[in-house]
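Peer 1: sharing a sequence plus its predicted fold:
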Amino acid sequence: RYSPLRWLRRAGRKPGTPLSSQRSVFRTLFSATALPSPPYLVITGAAGFIGSALVSRLNRRGHHRLVLVDEFGHPEKDRNLAEKRFALQIPRVEFPDWLEAHATEVDLVFHLGARTDTTEFDRAVFDRLNVDYSQRIWRCCAQAGLALVYASSAATYGDGKLGYSDDHARISLLRPLNPYGDSKQQFDVWALENTETGQSPPFWAGLKFFNVYGPNEYHKGRMASVVWHAFGQIRETGSVRLFKSHRPDFADGQQRRDFIYVRDVVDVLEWFVDHRAHSGIYNLGTGQSRTFLDLAKAVFHAMELPENIVFTDMPEDIRETYQYFTEASMGKLRSAGYAAPFRSLEEGISDYVRNYLLSGRIY
């Protein structure tokens, strides 16, 4: 029977050794007598935004049998895992080999790790990190009979001309606007093709995340949510800068997105731990688009400050690939049995600002 401690010794490491670089195999936060036994839930991208929030949610529900996968050793992300409880921590580059060797110890893989920079245009980066890597994880789960939940993206919908339906018959028709969206689209199509030929995990779900915001995104810089940027601008200057519209059919500030709070996202992810009846691709938004003007006003209200909104030109490097409207069709997830309500934009921003941004707390 596989023992995590035996793996550590075979790798030449002592139990409890701190993980100081990606070259480390993994670490355990438990003593030899307290190490949780399999089966494990695996979370890739575990030190990132959504991944670390999922770790927190699972911890709060008593799940400590977690294997965390990421590129560790980055202080700006490592604090997302402060005080979290888990069994093993494995560097991203080591994980596929580990999973192939120890799949019998795993129950479910949450594959949330990816390159998410929408301003990156080197397609080779996305092929390696978002497509090839994900395909290897899929194949291992299929061969070993493991459940898989992976992160797709609303970026696959492109300019929205084909709507925002997660109907499988429409997936192959989508045309994303950037290489990041292309990589997610490529994997979605590949997943459906493999399912048709019987080469899929026994249960799988690909979740098209819409505009997620909330605690633990502090390390994301330019790719952090508009809520995070708005809060920082207000605190520094007393005003918020929103992009002007460069389309005649949208007024300044009236660009609309389906904004979803990360605590709602991880509610859905946790739901899939116990509900695995219907494999497929699912939208994950609130089902209601809101304007950026609504968002800015909600941040000012949460901070109890007067509104001061300034419009600026959109950067040219994203102007041609910018989504002016997104709104998730949520019927499929609801039909699968997920019934919990989603927070309104005002409710989510209020919680985020007052309980996390103002104090710098981690979720």
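Peer 2: Everything's here; your move. Residues are numbered from 1 along each chain as shown.
Peer 1: show me what contacts the closest residue to Gly113 other than its chain neighbours?
Peer 2: Closest residue in space to Gly113, ignoring its immediate chain neighbours: Gly45 at 3.1 Å, by CB to CB, 6 or more residues apart in numbering. In this view, the C-beta of every residue, glycine as well, is placed from N, C-alpha and C. Gly45 sits next to 51, 69-70, 111-114, 151 when contact means CB atoms under 8 Å, 6 or more residues apart in numbering.
Peer 1: and if we set it to 10 Å?
Peer 2: Going by CB atoms under 10 Å, 6 or more residues apart in numbering, Gly45 touches 51-52, 54, 68-71, 77, 92, 110-114, 116, 151.
Peer 1: of these, select the buried ones using a ChimeraX command.
Peer 2: To isolate the buried members of the contacts of Gly45 in ChimeraX, using 16 or more other CB atoms under 10 Å:
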select :51,52,54,68,69,70,77,92,110,111,112,113,114,116,151
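Peer 1: now, the contacts of Gly45 that are in helices?
Peer 2: 51-52, 54, 77 (DSSP state H).
Peer 1: now, among those, which is nearest to Val353?
Peer 2: Ser52 (19.1 Å; CB to CB).
Peer 1: show me what contacts that closest one?
Peer 2: Neighbouring residues of Ser52 by CB under 10 Å, 6+ apart: 43, 45-46, 68, 70, 77-82, 84, 112, 215-217, 219, 262, 266, 362-363.
Peer 1: how about 6 Å then?
Peer 2: Listed by CB atoms under 6 Å, 6 or more residues apart in numbering, the contact partners of Ser52 are 80-81, 216.
Peer 1: between those residues, which sits nearest Trp98?
Peer 2: Using CB to CB, the contacts of Ser52 come closest to Trp98 at Leu81, 18.4 Å.
Peer 1: list the contacts of that closest one.
Peer 2: Listed by CB under 6 Å, 6+ apart, the contact set of Leu81 reads 47, 52.
Peer 1: ok, 8 Å please
Peer 2: Residues near Leu81 by CB under 8 Å, 6+ apart: 46-47, 52, 55, 68.
Peer 1: export the residues you listed to a markdown table and tack on pLDDT?
Peer 2: Putting the contacts of Leu81 into a markdown table (pLDDT from 0 to 100) gives the following:
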| residue | pLDDT |
| --- | --- |
| Ala46 | 97 |
| Ala47 | 96 |
| Ser52 | 98 |
| Val55 | 98 |
| Leu68 | 97 |
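Peer 1: in a markdown table, list those along with distance to Ala230.
Peer 2: Shown next, in a markdown table, are the contacts of Leu81 (distance: CB to CB, whole Å):
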| residue | distance to Ala230 |
| --- | --- |
| Ala46 | 27 |
| Ala47 | 25 |
| Ser52 | 22 |
| Val55 | 26 |
| Leu68 | 30 |
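Peer 1: other SSEs contacting the helix or strand encompassing Gly232?
Peer 2: In the assignment (DSSP states H and E), Gly232 maps to helix 226-237. Helix 226-237 sits against strand 211-213, strand 240-243, helix 292-303, with contacts defined as 3 or more CB pairs under 8 Å, 6 or more residues apart in numbering; DSSP states H and E.
Peer 1: quick one: buried residues of the last one?
Peer 2: Residues of helix 292-303 classed as buried under the neighbour-count rule (16+ other CB under 10 Å) are 292-300, 302-303.
Peer 1: and the residues you listed, which is closest to Asp313?
Peer 2: Phe292 (14.6 Å).
Peer 1: residues contacting the closest one?
Peer 2: Here Phe292 is in contact with 226, 242-243, 253-257 (criterion: CB under 8 Å, 6+ apart).
Peer 1: count of residues packed around Gln199?
Peer 2: Per other CB atoms under 10 Å, the neighbour tally for Gln199 reads 13.
Peer 1: also Ser37?
Peer 2: Ser37, neighbours per other CB under 10 Å, totals 11.
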